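Asks: Predicted model and sequence below, questions to follow.
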Amino acid sequence: MVQRLHYSVAMATALDRTRAIEFAAGAGQETLAIVWSDGTRTTLDMSPLLDSDIALAALREPGELARVRVGDQGHSLSWPSGAAISADRLWREALSAAGDGGSRAFLAWRLRHGLSLSGAAEALGLSRRMVAYYSNGEKPVPRTVQLACRGWEAEHRGARKRKPARRSPG
């Protein structure tokens, strides 16, 4: 029984990790081919990122995008020019490109608040498995869950503002 419990805890910890990049290569002048740690393969048009982020301007130089390197144990991509992009950001862009804005927004909400799969599940009253499905884009995020995220955010923002003032001894 103890061994089984240990396995479950280890498995839960592994599933809480954000997906990492296993491989990346230029697949055109403004396109990257990415293989993720879970086996998912994406081809990402980088033009929206290159157009909106001044820090990535160097990637517009001919051949620069193809010089990509997987960095930070798969949690980012980097280039000799000094440009870098986190795996989280690339995954959100891949979800957007696939037309899954709900999953992108849900994942961004989780990351913005530093919530693990378990933490988000507890915060929203959902199963951990459903949070994983929504975060990975495997299932569409229902409107009720999107609204619950907004409510949770508003409640926590209000709680920070209402912290009681300390009384001075005296």
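Replies: Structure's in. What do you need?

Asks: The host helix or strand of A121 packs against which elements?
Replies: Element membership for A121 (DSSP states H and E) is helix 117-124. In terms of contacts (3 or more CB pairs under 8 Å, 6 or more residues apart in numbering; DSSP states H and E), helix 117-124 is packed against helix 2-16, helix 128-136, helix 143-161. (Each C-beta comes from the backbone N, C-alpha and C, glycine too.)

Asks: Now with 6 Å, please.
Replies: helix 128-136 (3 or more CB pairs under 6 Å, 6 or more residues apart in numbering; DSSP states H and E).

Asks: average pLDDT across the helix it packs on?
Replies: Averaging the model's pLDDT scores along helix 128-136 yields 89.

Asks: Same question for stretch 70-83.
Replies: Mean predicted confidence for stretch 70-83 is 92.

Asks: any idea how far S81 is from T42?
Replies: Distance, S81 to T42, using CB to CB, to the nearest Å: 23 Å.

Asks: related to what we said a few turns ago, quick one, the helix holding A121 and helix 143-161 angle?
Replies: 90 degrees (axes from the mean of the first three to the mean of the last three CA atoms, to 10 degrees).

Asks: Which positions in helix 117-124 come out as buried?
Replies: Going by neighbour count (16 or more other CB atoms under 10 Å), the buried part of helix 117-124 is L117, A120, A121, A123, L124.

Asks: Just put those residues in TSV and tack on pLDDT.
Replies: Below are the buried residues of helix 117-124 laid out as TSV (pLDDT from 0 to 100):
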residue	pLDDT
L117	91
A120	94
A121	94
A123	94
L124	94
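
Asks: okay if I get those residues as TSV plus distance to A154?
Replies: Formatted as TSV, these follow (distance: CB to CB, whole Å):
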residue	distance to A154
L117	22
A120	16
A121	19
A123	13
L124	14
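
Asks: wait, which of those residues is closest to A132?
Replies: L117 (5.4 Å; CB to CB).

Asks: Now do the contacts for L50.
Replies: L56, L59, R60 (CB atoms under 6 Å, 6 or more residues apart in numbering).

Asks: quick one on the thing from earlier: could you check which of S81 and T42 has the larger neighbour count?
Replies: Legend: neighbour count by other CB atoms under 10 Å for S81 and T42, higher for T42 (18 against 14).
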